[in-house]
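Engineer: This is the structure alone, sequence omitted:
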């Protein structure tokens, strides 16, 4: 895969969002549908895939102090600014929130479980007295596949039913492509990665000083001074990264730089690498190249896992990317970065995703610590070989077979997880 193709993919997959991407994607789709009506809304029918429901039920919605899908749907209907994409809830004001609450009280919103094989699927049916609009999104959070109003089709895309990988980009990178690109690309071409890391660091700083979620990052940081956890680089990286997830999952209104469709993935693949580079006084060039490795490895692994998955994308893909970036910063060779991948995927690949919520910070904390541990082992030339578990000697094969595990071995896991979650509703 050539440099320009990799750079284009990196720029497309690293983008800004406000709030958890699943409910915000629903807000975006609802907004697009409601814009067609040009008159008072009578009803909204929202059909969501298993993974969309699972990932949107318990997460905080920015600027509201509330969780869940209904408020996200109502806000999309009131705001009607789909041009903002995943930043649609930026600058949310009290009047807008009140209007959303009034819409919820009127019983206009109905949320359904869609019968679909797509893991990421949103369908919105918006009706007014004289108009009926339909919007469908699939496979990526703002990837429109159908848009029509009153029988007039504005846009329609037929999905390839045989395609096993949800990523729209079929040009599959390899681990070696990523390493060659990251080691040699001109740094001005990847300077935007620093902007994303700084954006995520600002959310981490907010999480460390604010009262968000389970306070995972704050408590780990506090434990350093209480000698419950040794004050070292590893615990610092864990605290900083978990704090950003604490804030984001609890509805902090600050924007986040996402990776492969997820803010938590963006947090986990950027903050440990960025923060370690600063602590070790690495050059800006070394920091940017490490961030490129981390971001691209995360994107590459998510290509096989799927956009949404029964396995934790941040905990597995994001922290494996971070482990590779950490290994690079500590002088690791290409071979040792391959060891880092195998160490991580033999360690954390069983972590389930049971939706986006405050406990995501716990999973991230666990796996950032694992990333430091696995990088340390890799630098000592320690790695499992292919006689052990799902690991292959070639890290590329390990990654691709992780995809097989997700698609085949865990084919029914999401339905089971959602069933358990719905028992509490």
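Structural biologist: Looks like it came in fine. For clarity, every value in this text was computed on a predicted model and none was experimentally measured.
Engineer: tell me the secondary structure for residue 387?
Structural biologist: coil (DSSP: H, G, I helix; E, B strand; the rest coil).
Engineer: how close does it sit to residue 393?
Structural biologist: Using CB to CB, to the nearest Å, we find residue 387 at a distance of 9 Å from residue 393. Quick note: C-beta positions are derived from backbone N, CA and C, even for glycine.
Engineer: tell me the pLDDT at residue 160?
Structural biologist: The per-residue pLDDT reported for residue 160 equals 75.
Engineer: if I look at it, how far off is residue 31?
Structural biologist: When residue 160 is compared with residue 31 (using CB to CB), they lie 27 Å apart.
Engineer: Looking only at neighbour counts, state which of residue 387 and residue 393 leads.
Structural biologist: Neighbours were counted for residue 387 and for residue 393 using other CB atoms under 10 Å; residue 393 has more, 13 against 7.
Engineer: The residue nearest to that one when sequence neighbours are not counted: neighbour count?
Structural biologist: Closest residue to residue 393 apart from its sequence neighbours, by CB to CB, 6 or more residues apart in numbering: residue 386 at 4.8 Å. Applying other CB under 10 Å, we find 13 residues neighbouring residue 386.
Engineer: Mind pulling up the pLDDT for residue 386?
Structural biologist: 91.
Engineer: and it, backbone torsions?
Structural biologist: phi -80, psi 10 (degrees, to the nearest 10).
Engineer: isn't it right up against residue 392?
Structural biologist: Yes - Residue 386 lies in contact with residue 392 (CB atoms under 8 Å); the separation is 4.6 Å.
Engineer: residue contacts, the spatially most central residue of the chain?
Structural biologist: Nearest to the geometric centre of the chain sits residue 262, at 1.4 Å (CA atoms, centre = their mean). Going by CB atoms under 8 Å, 6 or more residues apart in numbering, residue 262 touches 21, 313, 314, 318.
Engineer: Let me know the next secondary structure element after the worst-scoring helix or strand of the chain on mean pLDDT.
Structural biologist: One helix or strand of the chain scores below all others by mean pLDDT, DSSP states H and E: helix 216-225, with a mean of 82. Next helix or strand after helix 216-225 toward the C-terminus (DSSP states H and E): helix 233-249.
Engineer: relative to helix 216-225, how tilted is that next one?
Structural biologist: 150 degrees (axes from the mean of the first three to the mean of the last three CA atoms, to 10 degrees).
Engineer: Go ahead and measure how far helix 233-249 is from the middle of the chain.
Structural biologist: Put simply, helix 233-249 sits 15 Å off its chain's centre (CA atoms, centre = their mean, to the nearest Å).
Engineer: again, but for stretch 29-47
Structural biologist: With CA atoms, centre = their mean, you get 26 Å for stretch 29-47.
Engineer: all helices for the stretch 151-300 of the chain, in order.
Structural biologist: 175-184, 192-209, 216-225, 233-249, 263-279, 284-305 (DSSP state H, counting those that start in this stretch).
Engineer: Same list (those) but as TSV, adding distance to residue 124 and mean neighbour count.
Structural biologist: Converted to TSV, the helices of the stretch 151-300 of the chain look like this (distance: least, CB to CB, whole Å; neighbours: other CB atoms under 10 Å):
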stretch	distance to residue 124	mean neighbour count
helix 175-184	37	19
helix 192-209	29	20
helix 216-225	34	19
helix 233-249	25	27
helix 263-279	22	28
helix 284-305	25	25
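Engineer: worst average pLDDT in those helices?
Structural biologist: helix 216-225 (a mean of 82).
Engineer: contacts for the least confident helix or strand of the chain?
Structural biologist: By CB under 8 Å, 6+ apart, helix 216-225 touches 204, 207-209, 229-231, 235-236, 238-246, 361-362, 364-365.
Engineer: same check, this time on stretch 359-370
Structural biologist: 213-214, 216-217, 220, 234-235, 237-239, 241-243, 245-246, 249, 264, 267-268, 272, 312, 314-316, 318-319, 322-323, 344, 347-348, 351.
Engineer: And stretch 7-18, by the same measure?
Structural biologist: So stretch 7-18 is contacted by 24, 62, 86-90, 169, 171, 173, 181, 185, 189-190, 192-193, 196, 199, 253-261, 263, 266, 292, 295-296, 299 (CB under 8 Å, 6+ apart).
Engineer: One more: stretch 78-98?
Structural biologist: 15-19, 21, 24-25, 27-28, 31-32, 34-35, 61-64, 75-76, 99-100, 103, 141-142, 253, 255, 258.
Engineer: what's the span of that stretch, first residue to last?
Structural biologist: End-to-end distance for stretch 78-98: 10 Å, by CA to CA, to the nearest Å.
Engineer: What mean pLDDT does that stretch get?
Structural biologist: 94.
Engineer: ok, and for the helix or strand hosting residue 337, which residues are buried?
Structural biologist: Secondary structure from DSSP H and E places residue 337 in helix 334-347. Buried residues in helix 334-347, counted by 16 or more other CB atoms under 10 Å: 336, 337, 338, 339, 340, 341, 342, 343, 344, 345, 346, 347.
Engineer: Can you name every helix or strand that the helix or strand encompassing residue 326 contacts?
Structural biologist: Using DSSP H and E, residue 326 sits in helix 319-329. Judged by 3 or more CB pairs under 8 Å, 6 or more residues apart in numbering; DSSP states H and E, the packing partners of helix 319-329 are helix 263-279, helix 284-305, helix 334-347, helix 360-379.
Engineer: what comes up buried for it?
Structural biologist: 319, 320, 321, 322, 323, 324, 325, 326, 327, 328, 329.
Engineer: Many thanks, have a good one.
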